[in-house]
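Participant: 3D, please:
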Amino acid sequence: MEYSKLNLWYLLPCVAIILQTHHGMVVGEPKVPCLFIFGDSLVDNGNNNYRETTAKVNYEPYGVDFPAGPTGRFTNGRNTIDIIAEMLGFDDYIPPYANATDQNILGGVNYGSGGAGILYESGRQLYGDVISFDEQLSNHEATISRIVKLVGSKSAAKKHLKTCLYSVGMGNNDYLANYLPKYYASTATHTSQTFAALLISKYTKQLTKLYKTGARNVVVFAPGKLGCAPQQISTYGSSDGSFCFETSNEIVQIFADSVKLLIDDLNKLLPGANFIHTDTSTATSYGNITVATEPCCPTSTDVSNSGHCVRGSAVCSNRDEYLFWDAFHPTEAANLISAKVAYDDIYPLFADPIAVS
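Facilitator: Sure thing, here's the model as predicted:
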């Protein structure tokens, strides 16, 4: 397979850092004191376990390579943000909001929710009660109130929050679990351009709100090449000269291009803002991965959890050779690669003391 022809969804240049010690956390002072995470199933580490949603994976074979077993992570082992936390030097994974305690919230919280999007309605018709970006931001405000009590004042909390790193990755489900099914069924009320504009308008308000809560150092993940997901390929086929369904990629790219411009605008308009854009579709090396279009596990065809691994199913043994764990989500092997370039993009924020303004 010629990977140079395949704009893969998640992959980034290969890495052999930290990660040689399987699941080992770095001991020492982290490069940033706190990490707050917003996103979808690519970062969810258990928040959906407590919601009335079918977008939950707290069952085997998920977590087959994770020490704690099935935790709600949508992969076989660590997700990308777990690995980034390791690379930053955290001595434990960032806890999910659902069970974060006062003892650990000063180090950060993971608000991610599988199936969630920028728009409130994205994912809800398919999956039920997922946690939209707006609700994740509300949860963060609740966390800030707890932090104020812990540190003694709003000013002390504000000073602390400005030293943190914030990770945001939204938009995938606004397409996979909202716009694209309607587009292909000819029931969409927006053109590709007007839908992207709708998302950008909402995303601008949400990222600005995050800034107003005290966030200054924010990495924003570009949406994926969604047409390369096995679910898209099995549903619509691949395009001529590509291993992906390029129509979906082209539709999403309109939004992706606008996200990059949005990041530039926010940095110009918001004093002291350090928004970093990272795009995980610019891979040049793939490590041991040789299987890019098939999932490692057998996937369900039930409408409510289509594309997820069949509960209790046997999975591939050569997981380090697979790009996709199920029909949507990458394997830990892919996440290892993704984390390296994301980390390289983030690194300028803390190469010098992290910005406080």
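Participant: show me where the protein has its helices.
Facilitator: 80-88, 124-127, 133-151, 154-161, 172-174, 180-184, 192-212, 230-236, 246-269, 332-346, 348-351 (DSSP state H).
Participant: in a markdown table, list the ones you listed along with mean pLDDT and mean neighbour count.
Facilitator: Quick note: C-beta positions are derived from backbone N, CA and C, even for glycine. Conversion of the helices of the chain to a markdown table gives the following (pLDDT from 0 to 100; neighbours: other C-beta atoms under 10 Å):
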| stretch | mean pLDDT | mean neighbour count |
| --- | --- | --- |
| helix 80-88 | 97 | 25 |
| helix 124-127 | 94 | 18 |
| helix 133-151 | 98 | 17 |
| helix 154-161 | 96 | 16 |
| helix 172-174 | 98 | 28 |
| helix 180-184 | 96 | 17 |
| helix 192-212 | 98 | 18 |
| helix 230-236 | 95 | 19 |
| helix 246-269 | 98 | 17 |
| helix 332-346 | 93 | 24 |
| helix 348-351 | 78 | 14 |
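Participant: could I get those as TSV with distance to residue 67?
Facilitator: Converted to TSV, the helices of the chain look like this (distance: least, C-beta to C-beta, whole Å):
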stretch	distance to residue 67
helix 80-88	11
helix 124-127	27
helix 133-151	26
helix 154-161	30
helix 172-174	27
helix 180-184	36
helix 192-212	31
helix 230-236	27
helix 246-269	34
helix 332-346	12
helix 348-351	27
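Participant: out of the ones you listed, nearest to residue 107?
Facilitator: Counting by C-beta to C-beta, residue 107 lies closest to helix 80-88 out of the helices of the chain; the figure is 9.6 Å.
Participant: mind giving me the packing neighbours of that closest one?
Facilitator: If you count contacts as 3 or more C-beta pairs under 8 Å, 6 or more residues apart in numbering; DSSP states H and E, helix 80-88 packs onto strand 35-39, strand 165-169, helix 332-346.
Participant: angle of that helix against helix 332-346?
Facilitator: Per axes from the mean of the first three to the mean of the last three C-alpha atoms, to 10 degrees, the angle that helix 80-88 makes with helix 332-346 is 60 degrees.
Participant: change the start of the numbering to 11 and stick with it
Facilitator: Shifting the count to begin at 11 puts that one at helix 90-98.
Participant: and the pLDDT for residue 200?
Facilitator: Here the pLDDT value assigned to residue 200 is 97.
Participant: nope, residue 138 is what I meant
Facilitator: pLDDT for residue 138: 96.
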